[in-house]
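Structure, please.
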Amino acid sequence: MPGPHYVTVLSGQNVSGAFALERNDVTIMIATPSLNPSEARLQYTETSGTAPFVFPFRPDGSGALHTVTSGIGPFVGMVPHAPTRWGRVWLASSQSDARTFTIYTMAYR
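Below you'll find the predicted structure:
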């Protein structure tokens, strides 16, 4: 099981730097630190860490965007699979301090 990957959202920002997974056909677990009240989502891109980054929809056909966590945390969130290997963490509001997220790729599909 490769990883984990650590990505940080800097103080005053609401997105992390880009990350690259080894593969995107596995379940992803995200350890989310305590947050100022916020919502955390993953954004993905089709090319290696470059814009545009987009939000995926939930796979249940509801048309709702996939949310990893919502609240002040800490949380652990699951993503059934990433649409691509390249992504970043997005927060609904900027944070008062740097926040580091840990992304694990799970051994099962």
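
What are the boundaries of the strands in this protein?
Shown for the chain, the strands assigned by DSSP state E span residues 5-9, 19-20, 28-32, 38-45, 69-71, 75-79, 86-91, 99-105.

With distance to residue 62, mean neighbour count and mean pLDDT added, can I get the ones you listed in CSV?
All C-beta atoms are positioned from the backbone trio N, CA, C, and that covers glycine. As requested, the strands of the chain are exported to CSV (distance: least, CB to CB, whole Å; neighbours: other CB atoms under 10 Å; pLDDT from 0 to 100):
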stretch, distance to residue 62, mean neighbour count, mean pLDDT
strand 5-9, 27, 17, 95
strand 19-20, 26, 15, 92
strand 28-32, 20, 20, 91
strand 38-45, 15, 20, 91
strand 69-71, 16, 16, 85
strand 75-79, 16, 16, 88
strand 86-91, 20, 22, 94
strand 99-105, 24, 19, 93
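
Serialize those strands to a markdown table and add fields for distance to residue 58.
As requested, the strands of the chain are exported to a markdown table (distance: least, CB to CB, whole Å):
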| stretch | distance to residue 58 |
| --- | --- |
| strand 5-9 | 22 |
| strand 19-20 | 21 |
| strand 28-32 | 14 |
| strand 38-45 | 11 |
| strand 69-71 | 13 |
| strand 75-79 | 10 |
| strand 86-91 | 16 |
| strand 99-105 | 19 |
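
Of all these, which one is nearest residue 61?
With CB to CB as the measure, strand 75-79 is the member of those nearest residue 61 (16.7 Å).

what's the closest one in contact with?
In this structure, residues lying in contact with strand 75-79 by CB atoms under 8 Å, 6 or more residues apart in numbering are 27-32, 40, 42, 66, 68-69.

what's the closest of those residues to residue 18?
When the contacts of strand 75-79 are compared against residue 18 (criterion: CB to CB), the nearest one is residue 42, at 11.1 Å.

Just give the nearest non-adjacent residue to the closest one, would you?
residue 87 (5.1 Å; CB to CB, 6 or more residues apart in numbering).
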